[in-house]
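Student: what's the 3D shape of this:
(one chain, ligands or ions: 2)
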Amino acid sequence: VWEQEFALIGRLAEDLESRPPLPSASPEELETHSRQIQEMQDLLALMAALPPDRLPDVEAWDDLLAPFWRRLFARGDDIHRYLLADLWRQVLLRSGQTDRALRTLTQVAASAKNFYLYYEALALCQEGRDLARHRPSAGLVNLVTLEGGIHFLRGDLESARRAHTEALALLESVPEEEVLRWQGATKTDFFAQVEYNILEALVEQGLREPESRRDGYLGQARALLSALDEMPKSPEFRRILPVAHALVSFLGSDVTAARGYLALLDTQGSEGPYRYSLALTRCRHESRLCGALGDWEGAYGWIRQALQLGARYTSPGEEILVLEQALAVLTNLHTRSAQGAESHLVADLVQLLEDKDWYTGRSHSRSVSRLAVLVGQALNDGGGVADLAHLEAAGLVHDIGKLMCPWSLLNKIAPISPKERRLLQNHSRDGAALLRRVGMESLAQTVEEHHEHVDGTGYPNGRPPELSGAIVGLCDVFEASITPNRRYKKPKRREAALSELSSLAGTHFRPEVVRALLRVAGG
Ligand SMILES: [Fe+2]
Ligand SMILES: [Fe+2]
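Tutor: Ligands and ions are numbered 1, 2, ... in the order given. Now for the predicted structure:
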């Protein structure tokens, strides 16, 4: 049956290429996709458990699967690249195929990076370096370039530059045909890409300095740019070159020139995810340029456009930078506006989540917020001290950390695995971190606690929550259990949900909060 499976996966790989990105797919297409991937996951899990001598021709399978990982990503299904490529990596390792294992590992690490799992991604890179035994190869260059990308997203620009410079040096001694075979790109193009990455890190480093201290960075950036200009380039690379020019103009405080270059970007030129990521790049930089001019309304317009594009097509690595810019814009916009800044900021954050997450969306957040206020009121009627305004806002943003979750996981229609559940569970801590960054410390605590239990069996800290966290947490579970959603879970009837929650009073939930919910929602 191996041949049959082989043919099946081949067809699936072709299929992936020809179908629309998942966020624009019909519900039927989503179902089909998730069924096919599930079958494939079962197959790879089976292979990962077999002894090497019972496996089929691993090299042939790897040739089949190598483009598959990129296509999964391109279709917007990063979560399955992460999980499935990891299974395949184990098969390759056990079969002694270290070069091929390195290539697959790089795909897993790239996904981990896109999920904000920076430490996991860097640990994988370290593992990859050991696999490559530090011998220059196309695989190692690719890995080190990825490492630079991870540092860049983490904001560690010095390490980013160091990694990219190392990648350049390694690339020198890799034969042209090896690069072509492993990368599907020419050596010149790979050089140009890495030089571009160095330029980008350099410009960002310079932009962190006050204008008077940017000269050194500007000089280096200009030198790099003219080197890039003179290199022979493929049409694909030529398309991103205006971004490099825009960045250098931006560093030189010439906003008009920078905007001129961005306007030259050809975002319609090719198909696939790169087209969208280029459009996202443009919107993000336009937004930054507006910000540099103090035009925060304009900056907001551009970044909303980027977010909407990102929600429809998904381009995870770029999305992280878009989100960063969105937070910067929102913070500036709202600290500048007078009264009610915080509530506007809350509304805007929820809007961001609604754009991205079909399931949580606004109705869930709004329902939890409304219910939390009612429960707080009921508690206060009995002499409690719940802060109603706080509950309203906390209910709205309780799941805001899902902004950091991959689209493909948030909107997954198949049942989720324990590993995926752990990824989803990061949202309470991520949400708190995000709120702290925009200066909402008290909301952050409530959000961090909304999945904690009284008996310490909750997450992320395993500590009983404060009152607000307990209220929002209970309302969240109740709302989620009675509302139909797209996951494979039937909604419960109101009475059944309430009696189930009552039975958890004292273990998961605070008894007085459960009683208040029964008063509000019971009749
Ligand atoms: Fe949650
Ligand atoms: Fe929730």
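Student: Please count neighbours and contacts with C-alpha atoms only from this point.
Tutor: OK.
Student: quick one, what contacts the residue nearest to residue 281 when sequence neighbours are not counted?
Tutor: The shortest distance from residue 281 to any non-neighbouring residue, by Cα to Cα, 6 or more residues apart in numbering, is to residue 318 (7.3 Å). Applying Cα atoms under 8 Å, 6 or more residues apart in numbering, we find residue 318 in contact with 277, 280, 281.
Student: and residue 318, what element?
Tutor: Using DSSP states H and E, the element containing residue 318 is helix 316-336.
Student: Would you tell me what the next helix or strand after that helix is?
Tutor: Following helix 316-336 toward the C-terminus (DSSP H and E): helix 341-356.
Student: packing partners for that following helix?
Tutor: helix 296-313, helix 316-336, helix 361-381, helix 388-397 (3 or more Cα pairs under 8 Å, 6 or more residues apart in numbering; DSSP states H and E).
Student: Once you drop chain neighbours, what's closest to residue 140?
Tutor: Nearest to residue 140 is residue 132, by Cα to Cα, 6+ apart, at 6.3 Å.
Student: Roughly how far does the one you found sit from residue 288?
Tutor: 39 Å (Cα to Cα, to the nearest Å).
Student: Looking at those two, which is more packed in?
Tutor: residue 288 (25 against 18; other Cα atoms under 10 Å).
Student: How about the contacts made by the closest residue in space to the more buried one that isn't next to it in sequence?
Tutor: Using Cα to Cα, 6+ apart and skipping residues adjacent in sequence, the residue nearest residue 288 is residue 299, 6.5 Å away. Taking Cα under 8 Å, 6+ apart, we find residue 299 in contact with 286, 287, 288, 289, 290, 291, 329.
Student: just checking, the last one touches residue 296?
Tutor: Yes. Shown here, residue 329 and residue 296 form a contact pair, counting by Cα atoms under 8 Å, at 6.6 Å.
Student: Of the helices and strands packed on helix 341-356, which is nearest residue 122?
Tutor: Checking the helices and strands packed on helix 341-356 against residue 122 by Cα to Cα gives helix 316-336 as the closest, at 15.1 Å.
Student: Tell me what angle that closest one forms with helix 296-313.
Tutor: 150 degrees (axes from the mean of the first three to the mean of the last three Cα atoms, to 10 degrees).
Student: per-residue confidence for residue 469?
Tutor: pLDDT recorded at residue 469 is 97.
Student: Pull the CA coordinates from the strand or helix carrying it and hand them back as PDB.
Tutor: If you go by DSSP H and E, residue 469 is part of helix 467-482. Output in PDB follows, covering the C-alpha atoms of helix 467-482 (Å, rounded to 0.1, in the frame of the first residue of the first chain):
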ATOM      1  CA  LEU A 467     -12.200  38.000  41.600                       C
ATOM      2  CA  SER A 468     -12.300  39.700  38.200                       C
ATOM      3  CA  GLY A 469     -10.300  36.800  36.600                       C
ATOM      4  CA  ALA A 470     -12.700  34.400  38.200                       C
ATOM      5  CA  ILE A 471     -15.800  36.200  36.900                       C
ATOM      6  CA  VAL A 472     -14.500  36.600  33.300                       C
ATOM      7  CA  GLY A 473     -13.200  33.000  33.300                       C
ATOM      8  CA  LEU A 474     -16.600  31.600  34.300                       C
ATOM      9  CA  CYS A 475     -18.600  33.700  31.900                       C
ATOM     10  CA  ASP A 476     -16.100  32.700  29.100                       C
ATOM     11  CA  VAL A 477     -16.700  28.900  29.700                       C
ATOM     12  CA  PHE A 478     -20.500  29.400  30.000                       C
ATOM     13  CA  GLU A 479     -20.700  31.500  26.800                       C
ATOM     14  CA  ALA A 480     -18.500  29.100  24.800                       C
ATOM     15  CA  SER A 481     -20.400  26.100  25.900                       C
ATOM     16  CA  ILE A 482     -23.900  27.400  24.900                       C
END
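Student: So for whichever helix or strand comes after it, what gets flagged as buried?
Tutor: Sequence order places helix 494-503 as the next helix or strand after helix 467-482, per DSSP H and E. The neighbour-count check on helix 494-503 (16 or more other Cα atoms under 10 Å) flags 494, 497, 498, 501, 502 as buried.
Student: a markdown table please, covering the residues you listed and showing pLDDT and distance to residue 238.
Tutor: Formatted as a markdown table, the buried residues of helix 494-503 follow (pLDDT from 0 to 100; distance: Cα to Cα, whole Å):
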| residue | pLDDT | distance to residue 238 |
| --- | --- | --- |
| 494 | 88 | 59 |
| 497 | 91 | 58 |
| 498 | 93 | 60 |
| 501 | 94 | 59 |
| 502 | 95 | 63 |
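Student: about what we covered before: by how many degrees do the helix holding residue 469 and helix 494-503 diverge?
Tutor: Using the same axes, to 10 degrees: helix 467-482 against helix 494-503 is 140 degrees.
Student: Show me where the stretch 401-523 of the chain dips below the pLDDT cut-off.
Tutor: The stretch 401-523 of the chain contains residues with pLDDT under 70 at 485-489, 523.
Student: Count the neighbours of residue 422 for me.
Tutor: Residue 422, neighbours per other Cα under 10 Å, totals 11.
Student: Tell me what angle the helix or strand containing it forms with helix 316-336.
Tutor: Secondary structure assignment for residue 422, by DSSP H and E: helix 418-437. Compare the direction of helix 418-437 with that of helix 316-336 by the same axes, to 10 degrees and you get 30 degrees.
Student: Which elements pack onto the helix or strand that comes right after helix 418-437?
Tutor: Next along the chain after helix 418-437, taking DSSP H and E as the criterion, comes helix 441-448. When contacts are defined as 3+ Cα pairs under 8 Å, 6+ apart, helix 441-448 sits against helix 388-397, helix 418-437, helix 467-482.
Student: Put together a markdown table for those helices, with distance to residue 138 on each row.
Tutor: Below are the helices and strands packed on helix 441-448 laid out as a markdown table (distance: least, Cα to Cα, whole Å):
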| stretch | distance to residue 138 |
| --- | --- |
| helix 388-397 | 44 |
| helix 418-437 | 31 |
| helix 467-482 | 48 |
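Student: which one of the ones you listed lies closest to residue 107?
Tutor: When the helices and strands packed on helix 441-448 are compared (using Cα to Cα), the closest one is helix 418-437, at 17.3 Å.
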